[in-house]
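Participant: Build me a model:
(2 chains)
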Amino acid sequence: EPEVTQTPSHQVTQMGQEVILRCVPISNHLYFYWYRQILGQKVEFLVSFYNNEISEKSEIFDDQFSVERPDGSNFTLKIRSTKLEDSAMYFCASSEARGFEQFFGPGTRLTVL
Amino acid sequence: DAKTTQPTSMDCAEGRAANLPCNHSTISGNEYVYWYRQIHSQGPQYIIHGLKNNETNEMASLIITEDRKSSTLILPHATLRDTAVYYCIVRVYSGGGADGLTFGKGTHLIIQP
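Facilitator: Numbering: from 1, shown residues only, chains lettered A, B, ... in the order given. Model (predicted):
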């Protein structure tokens, strides 16, 4: 069964460093998403991406964040200068079309020291 | 997206049916009811969705009241692996509405052996 994959599973970084989180969405899906979940809190939507551009973003997704689909399979989330409060699980998801059910990856745990 | 209300937690005995309620009294005519679940620290998993008719798939059944103001997710024979947080989300299916899913706090379902 096709699934969304994410790498790495755990990333530790120093405050102020740049990190790139990687995702491989399901191959025939057209919409891609990033969510985050701070420990003990709700899953929060960050951004959606379609046709090589951002479709929608939340207030959390500020100028420190960027997304890219560098090739036909990968979808990345970059955090330019990490802060302590960026420590969270980051989930990638994909869907066949807008509004359709979303399939989530296993997540990347980001720890900012 | 319409607001939903779910109990904070529920217990169910293994092998019994787990019935998870959700209130969505402000649901609009074009909004569907979606259920996702999150097993500890994993990515959310799509379970089922419906508009007004009852739905069943290999994972669960969804019962939506005639006035659509509430619904119940039924796991017919709960196992220990069904212990998770279950999220009821109301949103437009396709073509309109927000891209991102809005997760609440959900119901923490604990299956007791």
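Participant: what's the first-to-last distance across stretch A:89-106?
Facilitator: Stretch A:89-106 has an end-to-end distance of 9 Å (CA to CA, to the nearest Å).
Participant: Does the residue nearest the centre of chain B lie in a helix or a strand, and which?
Facilitator: The structure's chain B has its C-alpha centroid closest to B:Trp35; by CA atoms, centre = their mean the separation is 3.2 Å. Using DSSP states H and E, B:Trp35 sits within strand B:31-38.
Participant: That strand pairs with which strands, parallel or anti?
Facilitator: strand B:45-50 (antiparallel), strand B:84-92 (antiparallel) (DSSP bridges).
Participant: how far does it sit from the chain's center?
Facilitator: Strand B:31-38 has its C-alpha centroid displaced from the chain centroid by 5 Å (CA atoms, centre = their mean, to the nearest Å).
Participant: so where's chain A uncertain?
Facilitator: Nowhere does chain A drop to pLDDT under 70.
Participant: ok so, going back, I would like the residues contacting the strand holding B:Trp35, please.
Facilitator: Residues outside strand B:31-38 that contact it (CB atoms under 8 Å, 6 or more residues apart in numbering or on different chains): A:43, A:101, B:1-2, B:20, B:22, B:24, B:27, B:44-51, B:60, B:62, B:64, B:68, B:71, B:73, B:84-93, B:97, B:101, B:103, B:106. For glycine as for every other residue, the C-beta is placed from the backbone atoms N, C-alpha and C.
Participant: List only those of these flagged as buried.
Facilitator: A:43, A:101, B:1-2, B:20, B:22, B:24, B:27, B:44-50, B:60, B:62, B:64, B:68, B:71, B:73, B:84-93, B:97, B:101, B:103, B:106 (16 or more other CB atoms under 10 Å in any protein chain shown).
Participant: Can you list the residue ranges for strands in the chain?
Facilitator: Here I'm looking at chain A. Taking DSSP state E, the strands of chain A run over residues A:5-7, A:10-13, A:19-24, A:31-37, A:43-50, A:53-57, A:65-68, A:75-79, A:88-95, A:103-104, A:108-112.
Participant: not what I meant, chain B
Facilitator: B:9-13, B:18-23, B:31-38, B:45-50, B:55-56, B:61-64, B:70-75, B:84-92, B:107-112.
Participant: Let me have those strands in TSV, adding mean pLDDT as columns.
Facilitator: Below are the strands of chain B laid out as TSV (pLDDT from 0 to 100):
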stretch	mean pLDDT
strand B:9-13	97
strand B:18-23	98
strand B:31-38	95
strand B:45-50	95
strand B:55-56	96
strand B:61-64	98
strand B:70-75	97
strand B:84-92	93
strand B:107-112	97
